[in-house]
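A.B. asks: Just the structure for this:
(one chain, ligands or ions: 1)
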Amino acid sequence: MINRPLPRREGAQQATYAQSLVPRTPDRSDIQRLKEVDITGSTANVSAMTTKRMKGEGTATGRPKHVFTREELERKLTVLAKRRAPRNLAFGADCYSRAAPPNRSEYVCPVCGEKTLYADSEAWNVEEQLPTARELVAELAENLEIRLDESAYCRHCKPNEKKLDLAIEIRYSDSSQANRISSIDNDDLRLIAEFLAGKNRHDRGMLGETPLNRHKKRLGELLGLKQHG
Ligand SMILES: [Zn+2]
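C.D. replies: Numbers count the residues shown, from 1 in each chain. Just a heads-up that it's a prediction; the model follows:
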C-alpha cells in the first residue's frame, strides 16, 4: 500500500480518509447495487457481448457487429428501388494508366497450402483482383455472414477448374442453406458494400458513378433476396 504521509486532519476525519485508501470488502449495499444492475439486464448484455468476443464473433474494431437478416435487406432493397437517382454523378476518366501487370504469380491456397503458378492476365487476377476481393469480403463480414470461395484458384483443390472463378456464400438466420453465387467480381462486392451502407450511388472507380438502384436486380441476386425488376 501507499506509504505517503496523510494530510494533517483532525480525529474522525483523518480515520475516514485512511480507510478510503484500503480496498474495502463489498458490503450489503454493494451487493444490492449489483443485483439492481442485473435486473435491468445491462450486465447480462455486457457478458453476452464478452462471450461473443471471446468466441471470435466480435469485430476486429471491437464494435459489436450488426448482422442483417434477409427480411431487413429485402426492406432495404424496396426502399432503394423507390429512391430518386442521385444528382452530380461523377463521370469516368477518359484514359488512365495502370502499372504493368505481373508476368507470373504464385497462388498459395489458404485451405491446402499448395502452390499454383499463373501467368499474364491470370497472374494479374491473383495479384490484384483476389486481394481486393478478400478485403471487400472481410469488410462485408462485419454485417453479413459471408464467405469468399476462391477454391477455383487452386489446381490441387479444384484440378478440373478451367476458370479463375470467385464465389460468395451468404447465410441468413432464417435458413440453413447458404445463398451461393458464383462468377462474382469486385464490382459486385462493392455494390453490396454500398447497399449495406445505405448509399444510392455506385462508384465504379475510373468508370464513374451510376445510381445504385439501377443495380437492384443484381443486388437481389447477390444477396438472395426477392427480385426487383
Ligand atoms: Zn487448395
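A.B. asks: hang on, Phe195 in a strand?
C.D. replies: No - secondary structure of Phe195 (DSSP: H, G, I helix; E, B strand; the rest coil): helix, not part of a strand.
A.B. asks: Once you drop chain neighbours, what's closest to it?
C.D. replies: Nearest residue to Phe195 in three dimensions, chain neighbours excluded: Leu219, at 5.4 Å (C-beta to C-beta, 6 or more residues apart in numbering). Heads up, the C-betas are built off the backbone N, CA and C, glycines and all.
A.B. asks: helices and strands around the one helix or strand the one you found maps to, which ones?
C.D. replies: According to DSSP states H and E, Leu219 maps onto helix 216-223. Counting contacts by 3 or more C-beta pairs under 8 Å, 6 or more residues apart in numbering; DSSP states H and E, helix 216-223 packs against helix 70-82, strand 179-181, helix 186-196.
A.B. asks: thinking again about what came up before, how much space is there between the residue nearest to Phe195 and the ion?
C.D. replies: 30 Å (C-beta to the ion, to the nearest Å).
A.B. asks: any chance you could map the helices in the chain?
C.D. replies: According to DSSP state H, the chain carries its helices in the segments 11-21, 28-40, 42-54, 70-82, 120-124, 130-140, 186-196, 216-223.
A.B. asks: and the angle from the fourth one to helix 216-223?
C.D. replies: Pointing back at helix 70-82 there. Put simply, helix 70-82 runs at 170 degrees to helix 216-223, going by axes from the mean of the first three to the mean of the last three C-alpha atoms, to 10 degrees.
A.B. asks: now for helix 70-82, which elements pack on it?
C.D. replies: In terms of contacts (3+ C-beta pairs under 8 Å, 6+ apart), helix 70-82 is packed against helix 186-196, helix 216-223.
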